[in-house]
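1. Build the 3D model from these lines:
(one chain, ligands or ions: 4)
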Amino acid sequence: MDRSYVIEKATAYIKEAQTYIKEKVNTEYGIDTKANKDDLVTDVDKSVEALFQQRINEEFPGHRLMGEEGSHENIHDLDGVVWILDPIDGTVNFVHMGTNFAISLGIFENGKPVYGVVLDVMNDEWFTAEAGQGAYLNGRKLQKLNPVPLEKALVSFNTGWMLKDEKLREVVRTVRGTRSYGSAAIELAYVAAGRLDAYISFHLAPWDIAGGCILIEETGGIATNYKGEPLDFLEKDTLFAANPAVYKELREALKITI
Ligand code: IPD
Ligand code: CA
Ligand code: CA
Ligand code: CA
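-> Ligands and ions are numbered 1, 2, ... in the order given. As a prediction, the model looks like this:
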């Protein structure tokens with residue numbers, strides 16, 4: 001695959017989608033509930049995925065799209081080039097807040113990440129990473145992550161899980177602070193950029209994490225499932241992504257063993 005041409009086109013499609021989403025964000029659009037009350041999909045999510053499908057079909061007929069809003073149903077392996085897309089990550093934020101949501105894209109070739117983008121749509125922050133070339137925020141190179149002690153760490157995780165787990169409540173008392181943004185892609189991008197030191201979640205899909213995990217890899221962070229196993233990108237799973245020093249200390253504090 002001609003990597004730089006694919007990246008150029010992917011960037012153009014994301015820009016087109018960003019313009020479209022910004023036009024729609026404060027208008028009336030259709031909203032449906034999927035599996036439960038916090039699982040929303042709007043006509044805007046569906047249209048963005050359709051836009052990518054159309055552009056990829058026209059320009060790269062041999063590539064395949066694995067998107068949240070339907071196209072993933074045809075994907076059962078990562079052979080060849082696969083674009084893993086979350087057209088809007090943080091749909092609840094999109095609907096309720098009109099901000100703090102992202103377009104997340106990871107491009108994989110034969111199962112290996114090649115390029116990742118997380119675009120914070122309303123704040124116009126482009127987190128990008130090409131395998132082996134480092135990660136960037138709006139064209140500025142992100143530094144490799146420096147060690148941070150747990151007492152000075154800012155960590156992000158699901159508050160529902162915090163209610164159930166005493167070890168996690170202990171961690172909340174140990175760290176400097178906790179945050180929860182409602183967009184896995186943005187939270188991963190923040191770990192890569194050193195704005196957060198860890199992000200843990202319990203039920204994420206490949207499209208939530210594909211773009212962000214490349215960013216983490218390229219800034220020297222660690223991203224595995226909760227048990228510490230490599231991520232799979234075909235199945236839903238847990239996620240444990242962090243600054244390497246914080247990863248180690250957090251796992252000890254949470255007493256995670258395989
Ligand atoms: C959701 C967001 C949210 C995470 C959920 C995801 P969506 O994605 O990333 O932060 O907690 O598990 O499903 O549905 O808004 O694309
Ligand atoms: Ca969703
Ligand atoms: Ca998502
Ligand atoms: Ca989504």
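
2. Do I have it right that A10 meets L119?
-> No - counting by Cβ atoms under 8 Å, A10 does not reach L119; the two are 10.8 Å apart. Where you see a C-beta, it was placed from the backbone N, CA and C, and this is true even at glycine.

3. Comparing those two, which residue is more hemmed in?
-> Set side by side, A10 and L119 show more neighbours around L119, with 27 against 21, by other Cβ atoms under 10 Å.

4. Please identify which helix or strand holds that one.
-> Using DSSP states H and E, L119 sits in strand 112-120.

5. That strand: partners in the sheet, and parallel or antiparallel?
-> Sheet neighbours of strand 112-120, with direction, are listed as strand 102-109 (antiparallel), strand 125-130 (antiparallel) (DSSP bridges).

6. buried sites along that strand?
-> By 16 or more other Cβ atoms under 10 Å, the buried positions in strand 112-120 come out as P113, V114, Y115, G116, V117, V118, L119, D120.

7. show me the contacts for E166.
-> By Cβ atoms under 8 Å, 6 or more residues apart in numbering, the contact set of E166 is empty.

8. how far away is it from ligand 4?
-> 32 Å (Cβ to the ion, to the nearest Å).

9. Nearest to G90, out of the buried residues of strand 112-120: which one, please.
-> D120 (9.3 Å; Cβ to Cβ).

10. C-alpha coordinates for stretch 17-33, CSV please?
-> C-alpha atoms of stretch 17-33 as CSV (Å, rounded to 0.1, in the frame of the first residue of the first chain):
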residue,chain,number,x,y,z
ALA,A,17,-16.6,14.4,8.1
GLN,A,18,-15.5,17.1,10.6
THR,A,19,-17.1,19.9,8.5
TYR,A,20,-20.3,17.8,8.1
ILE,A,21,-20.5,17.1,11.9
LYS,A,22,-19.9,20.7,12.8
GLU,A,23,-22.8,21.7,10.5
LYS,A,24,-25.1,19.2,12.2
VAL,A,25,-24.1,19.4,15.8
ASN,A,26,-26.6,22.1,16.8
THR,A,27,-29.4,21.0,14.5
GLU,A,28,-32.2,18.5,14.8
TYR,A,29,-31.2,14.9,13.8
GLY,A,30,-32.6,11.5,14.4
ILE,A,31,-31.5,9.7,17.6
ASP,A,32,-32.0,6.0,18.4
THR,A,33,-31.1,3.9,21.4
